[in-house]
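Participant: sequence-free structure coming up:
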């Protein structure tokens, strides 16, 4: 069964996380300080990390940034009472995979953890390579090529491109992209999606016009 690291300094909240995730049979280990949590996370062996945004000794964003900086790609669910849109966006930009506000229901936490674990497991089908004209995305090797030329994509750009290639020819709203890539059920109301898609467009569009990421005014984006 999945092994969960819960980095949470509040004893009652740590118990809530443990109760929520022990029900489906997960093994939950609690780290009560940020320094202990980051040491355990970097040490590996966990399938997912739940991370308190505010810790007394180390900021939660510092923990997730450090994890990503040393190559730890374990899914991170940030759990925080800081519910403002800007706080959520900062958490996701720092490297968090999802953001859950306190107080939370046990069912929602379980659902979000299950979604992150499914995403980590990769595609449910045997399809491991996505192709759109000269654009190819290898989901196992995590490599993107355009007419045989390797593209230098950031992890988030890779996930955005994967989502768009799985929905080629379909108009995707910003909310759809946000939910599909970050797993959150809200529109951040910022230009986060526009920035990522803009950078991605420069890398995947070529002089032939295929593939092309088109902006559909008032609607969203389309991989044509």
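Facilitator: That came in fine, so what should we check first? The structure presented is a predicted model; accordingly, all values stated were derived computationally and were not measured.
Participant: residues near the residue nearest to residue 46 when sequence neighbours are not counted, how many?
Facilitator: Leaving aside its sequence neighbours, residue 46 sits nearest to residue 5 (Cβ to Cβ, 6 or more residues apart in numbering; 4.3 Å). Glycine gets a C-beta too; all of them are placed from N, C-alpha and C. Residues near residue 5, counting by other Cβ atoms under 10 Å, number 24.
Participant: residues touching residue 5, list them.
Facilitator: 29, 31, 37, 40, 41, 46, 48, 49, 50 (Cβ atoms under 8 Å, 6 or more residues apart in numbering).
Participant: how near is the fourth one to residue 174?
Facilitator: Residue 40 sits 36 Å away from residue 174, going by Cβ to Cβ, to the nearest Å.
Participant: before we move on, what about residue 96?
Facilitator: Residue 96 is 19 Å from residue 174, by Cβ to Cβ.
Participant: list the buried ones in stretch 144-160?
Facilitator: 144, 146, 151, 153, 156, 157, 158, 159, 160 (16 or more other Cβ atoms under 10 Å).
Participant: higher neighbour count, residue 96 and residue 174?
Facilitator: Neighbours were counted for residue 96 and for residue 174 using other Cβ under 10 Å; residue 96 has more, 29 against 19.
Participant: What is the neighbour count of the residue lying closest to the more buried one once chain neighbours are set aside?
Facilitator: In this structure, residue 96 finds its nearest non-sequential neighbour in residue 78, 4.3 Å apart by Cβ to Cβ, 6+ apart. Using other Cβ under 10 Å, residue 78 has 28 other residues around it.
Participant: State the helix or strand in which residue 78 lies.
Facilitator: strand 76-80 (DSSP states H and E).
Participant: do the same with residue 197
Facilitator: In the assignment (DSSP H and E), residue 197 maps to helix 192-204.
Participant: Give me the domain ranges for this protein.
Facilitator: As assigned by automatic domain parsing, the chain contains the domains 3-121, 129-223.
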